[in-house]
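Show me the folded form of this:
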Amino acid sequence: MNPVPGLHAIDFEAMSAEELLVWVYEEHGDKLCLTCSWQKQSSVLVHMVSELGLDLPVIELDTQLFFRETYETRDRLVERYGLKLLPPPPVITVAEQHKQEGPNLWERDPDRCCHIRKVEPLLAALDPYEAWISGIRRDQSPSRAETPKLQWSDRYGVWKVHPLADWDEKRVWAYIKVNEIPYNPLHEAGYRSIGCIPCTRPITQDEEERAGRWAGSDKLECGIHEDTPLKEAHA
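Residues are numbered from 1 along each chain as shown. So this is what the prediction gives:
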C-alpha cells in the first residue's frame, strides 16, 4: 500500500533524473541514501548528486568478493567527489561462510550466498533511512523491464528511487564521456555488468547487459531488488 497519500497525482515518470533526485532530497533530506556497486550507473549518480549539491550518505555493499578494479574505481570516485562513504554494513568473512555453509556457496546455492552477503547487510544498512536511490535501469534485463522511477518497498520499509530507470546503456556512456567521470575499467574488457569475481564474466554486445552475471544458471538478480518477504527468502 502506498504509505503517503497524494503521490499518485505526481508524474514521476515525466521527471528527469535530476528533477527526481532534487524532489526526493527535498522530501526526505538526511533520511535519503545512495547505494553504490561502483559500476557505470554509480559513476553517473555520484556525479549527478555532486553537481546538484545534494549531501547524501553513500552505502557500499561490499561483499568482500569484488574485483580489484571495482575497489580502485570506488577510491577514485571518493577522492574526486568527496563522497560521504559510510562504513560497509557487517558481513561475515568468506572464510567464516565456508565454515558455516560449506565451500564455494556461490556455486551450489547462489541465491543463499547473495542473501547472506547482500540482502541481509542492505536490510541493516537501510534501517535509518526512508528512501534509497539505486541505479537500476529497465533495459538491463527482462527482470527490470517494468521498474518504476519511484516505488515503495515493503521488504525494506523505504521508498526506492530509480532516477536512471528510463536510461539506456548508450545514454549512460554518453553522460560519462561528456562529463569525464571516472568509471570501472572492467567495462572496457567486456564486463558490461560487474558483480562478485566468482559470478561475473565478460560478454559480447549481442548478449543482454546482465548475461554475464551468474552465467550458466537461470538466476537474474542478486535479490536486493526483489520484494520477496524475508521469511520466504530464507526458505
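
got any ranges where this structure has weak pLDDT?
Counting by pLDDT under 70, the chain has low-confidence residues at 1-9, 216, 218-223, 226-235.

any idea which residue of it is furthest from its center?
Largest separation from the mean C-alpha position in the chain: residue 99, at 28.2 Å (C-alpha atoms, centre = their mean).

for the residue nearest to residue 135 when sequence neighbours are not counted, helix, strand, or coil?
Nearest residue to residue 135 in three dimensions, chain neighbours excluded: residue 41, at 2.9 Å (C-beta to C-beta, 6 or more residues apart in numbering). Where you see a C-beta, it was placed from the backbone N, CA and C, and this is true even at glycine. Following DSSP: H, G, I helix; E, B strand; the rest coil, residue 41 is assigned to helix.

and if you look at the one 10 residues further on?
Classification of residue 51 into helix, strand or coil gives helix, according to three-state DSSP.

Relative to residue 73, how far out is it?
19 Å (C-beta to C-beta, to the nearest Å).

So these two - more neighbours on which side?
Using other C-beta atoms under 10 Å as the criterion, residue 51 and residue 73 rank with residue 73 on top: 26 against 12.

Look at the residue nearest to residue 135 and say how many residues are nearby.
Per other C-beta under 10 Å, the neighbour tally for residue 41 reads 24.

how about the strands of the protein, start to end?
In the chain, the strands defined using DSSP state E lie at 32-36, 57-60, 84-85, 131-133, 150-153, 158-161.

most neighbours per residue, which of those strands?
strand 131-133 (a mean of 24; mean count of other C-beta atoms under 10 Å).

Describe which strands that one pairs with in its sheet and in which direction.
Strand pairing for strand 131-133, using DSSP bridges, gives strand 32-36 (parallel), strand 158-161 (parallel).
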